[in-house]
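*Asks:* need a 3D model of the following:
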Amino acid sequence: MKPISCGSKKDNDAVYLKKLLKLKDPLELINPISLPYPLAPYVAAKKAKKKVNLKKIRDSYALLSTLHSLLIIEGAGGVLVPIRKDYLVIDLIKELKVPTIIVAKAGLGTQNHTLLTIEALRRRKIKILGIIMNGFTGKELSEETNAEVIERFSGVPIITKLHWQT
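*Replies:* Got it, this is the predicted structure:
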């Protein structure tokens, strides 16, 4: 499930995942909110003069949960990204009562971002299953140590390291 996509309706994560995973569910169920601008959801909705319909997201989640034994929900830019004026991605995670897997970039800057994400999730008592380190290029020295440092300081396991693919 991709509750909210922002940008191209023809070429977005929900379309890609539906095709890749050969999902039979309608795209509107997998991706109940689609906004036309490639911006954070709150800003994209505001620019489109729309309000993100949280009920539509909840209803899609409820139905998909009954249709599938495993449901992976992709976020939108990070846990503290605004969806509505007073509602963040982390609020949706908490409301749906789902555990998280953090997808963190492999390179420089990720220690701070990832540890802040972990802290925000823990403050709201949201279960963290692990971390996926994404986008290894082999070109940055920091890629060699980031996973170890994040795991050591957070206690959250690194599930896997994914190499950059074009």
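*Asks:* other residues contacting the longest strand along the chain?
*Replies:* When the chain is parsed with DSSP state E, its longest strand is strand 128-136. With contacts defined as CB atoms under 8 Å, 6 or more residues apart in numbering, strand 128-136 is touched by 99-107, 110, 114, 118, 121-122, 143, 146-147, 150-151, 156-164. Backbone N, C-alpha and C define where each C-beta goes, glycine included.
*Asks:* give me the buried subset of these.
*Replies:* Using 16 or more other CB atoms under 10 Å as the burial test, these include 100, 102-107, 110, 114, 118, 121, 143, 146-147, 150-151, 156, 158 as buried.
*Asks:* dump the residue contacts of residue 35.
*Replies:* Taking CB under 8 Å, 6+ apart as the test, what residue 35 contacts is 4-7, 41, 44-45, 48, 50, 52.
*Asks:* mind checking pLDDT for it?
*Replies:* For residue 35, the pLDDT comes out at 95.
*Asks:* also residue 166?
*Replies:* pLDDT at residue 166 comes out at 63.
*Asks:* for residue 104, which residues make a bridge with it?
*Replies:* residue 133 (DSSP bridges).
*Asks:* which residues touch it?
*Replies:* Here residue 104 is in contact with 110, 113-114, 117, 131-134, 146, 150 (CB under 8 Å, 6+ apart).
*Asks:* okay if I get these as JSON lines plus distance to residue 67 and pLDDT?
*Replies:* Formatted as JSON lines, the contacts of residue 104 follow (distance: CB to CB, whole Å; pLDDT from 0 to 100):
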{"residue": "110", "distance to residue 67": "35", "pLDDT": "97"}
{"residue": "113", "distance to residue 67": "34", "pLDDT": "97"}
{"residue": "114", "distance to residue 67": "32", "pLDDT": "98"}
{"residue": "117", "distance to residue 67": "29", "pLDDT": "98"}
{"residue": "131", "distance to residue 67": "28", "pLDDT": "98"}
{"residue": "132", "distance to residue 67": "25", "pLDDT": "97"}
{"residue": "133", "distance to residue 67": "31", "pLDDT": "97"}
{"residue": "134", "distance to residue 67": "28", "pLDDT": "95"}
{"residue": "146", "distance to residue 67": "37", "pLDDT": "97"}
{"residue": "150", "distance to residue 67": "35", "pLDDT": "98"}
